[in-house]
Each structure stands twice: as structure tokens, then as C-alpha cells.
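**Q** could you look at this predicted model? Sequence included:
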Amino acid sequence: MKKLTMNIFLILTIFIIYFLQSNFFNWFTISKVMPNLFVIFVLFVGLFSNRMMGIIYGIVVGAIIDLTIGTQIGINAVALGLIGFLAATFDKNFSKDSRATIMFMVLGTTFIFEIIVYILNYVVFSTNVEIINFIKILAIEIIYNLIIVIILYPFIQKFGYTIENEYKGNKILTRYF
């Protein structure tokens, strides 16, 4: 029953993030670049739940983005599914207790997400290659995502450990031995 409640809360969080991404952050752009809250969300779901949940939430959130905001269907789903997969790998190899480690994870996953989306748009849809513009957008989005994680880290960590206890149980020490 608690897993159902946790999933309902995660789905409500998706809707809140969607509202923030599509409405609120349109007012606070830097050079017409917004933060990508969905990358942060999928990263934390993958870190604190398990590999399958990270992949499923990544694909579902990516499909929602593709159907509502995007013009190409499947690109965000593939990229966010990969972010969910990587988040579970990060969970096994890095500590979630350090804010600096989390910031490096957000930096890396934002970079990987944007590279994947850019490459898939180029390969599948033959878009123009504008490296300088892409680097500028990537740098602004990474900085924006890092600022949001710095601000929201205590809340995300507390809720993340609640998710982790529900999905993985309290196996903190057995994970390292």
C-alpha cells in the first residue's frame, strides 16, 4: 500500500514539474534557456528507488514530454530512460549523502541528456549542427540545474530516503559489504 502511495506522489510530482517547466520557468529564462527539471526528477527516482523504476519513469516522463511539448516522438523518452538507467548505476558506485556528488551527477546527466537529444535530432531528423549555440545552451542549462539542486537538495534527499526505504528496505550497510 505504501508503494502505491509513493507512486501516486511521484506521478503528482511529474504534473507539478510539468507545470513549472511549461509555465513558471518560461518567465525566468536565461537566453531563452530553462532548467530541465525532468532530468533531475528521473535522476533522483533512479538513485533512490531501483533500476527498473528509474527506466520506467524516464521513459514515461520522456513520452509525456514528447507528446505534449516536443515535436519529435521518442527522443526524450530514450534519453530520459537512459538517465534512469545511469542513475541506478550511480547509486551503486557513489554516495548520495554528499551534495557535491549529487551536483556532479546532475551535471553529468544533464550533459548526457542534451548530447543524446542533440545527436538523435541530428541523426534521425537531420537538423543543422550549430556547435557554438549548443555549447552555450548546454552550459546555461547545467548551471540552472545545479542552482535548483543546491536549493532543493535537503527536500529531495529527505523524500529520496523515504522512497529508498520503501523500495529497497533499510539495507544501508549491506550495500557496501
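**A** Perfect, I can see it now.
**Q** export the helix or strand where residue 64 lies to CSV, keeping only CA atoms.
**A** Using DSSP states H and E, residue 64 falls within helix 51-68. The C-alpha trace of helix 51-68 is given here as CSV (Å, rounded to 0.1, in the frame of the first residue of the first chain):
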residue,chain,number,x,y,z
ARG,A,51,16.9,0.5,-11.9
MET,A,52,13.6,-0.6,-13.2
MET,A,53,11.7,2.3,-11.6
GLY,A,54,14.3,4.8,-13.0
ILE,A,55,13.9,3.4,-16.5
ILE,A,56,10.1,3.2,-16.4
TYR,A,57,9.7,6.8,-15.0
GLY,A,58,12.3,8.0,-17.5
ILE,A,59,10.5,6.5,-20.5
VAL,A,60,7.1,7.6,-19.3
VAL,A,61,8.1,11.2,-18.5
GLY,A,62,10.0,11.4,-21.8
ALA,A,63,6.9,10.2,-23.7
ILE,A,64,4.8,12.8,-21.9
ILE,A,65,7.3,15.5,-22.9
ASP,A,66,7.4,14.2,-26.5
LEU,A,67,3.6,14.1,-26.8
THR,A,68,2.9,17.5,-25.2
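**Q** which residues are in contact with the closest residue to residue 62 other than its chain neighbours?
**A** Of all residues not flanking residue 62 in the chain, residue 77 sits nearest, at 3.3 Å (Cβ to Cβ, 6 or more residues apart in numbering). The C-beta positions use only the backbone N, C-alpha and C, and glycine is treated the same way. Each residue near residue 77 by Cβ atoms under 8 Å, 6 or more residues apart in numbering is listed here: 58-60, 62-63, 65-66.
**Q** most neighbours among the residues you listed, which one is it?
**A** The residue in these with the most neighbours, by other Cβ atoms under 10 Å, is residue 58 (30 neighbours).
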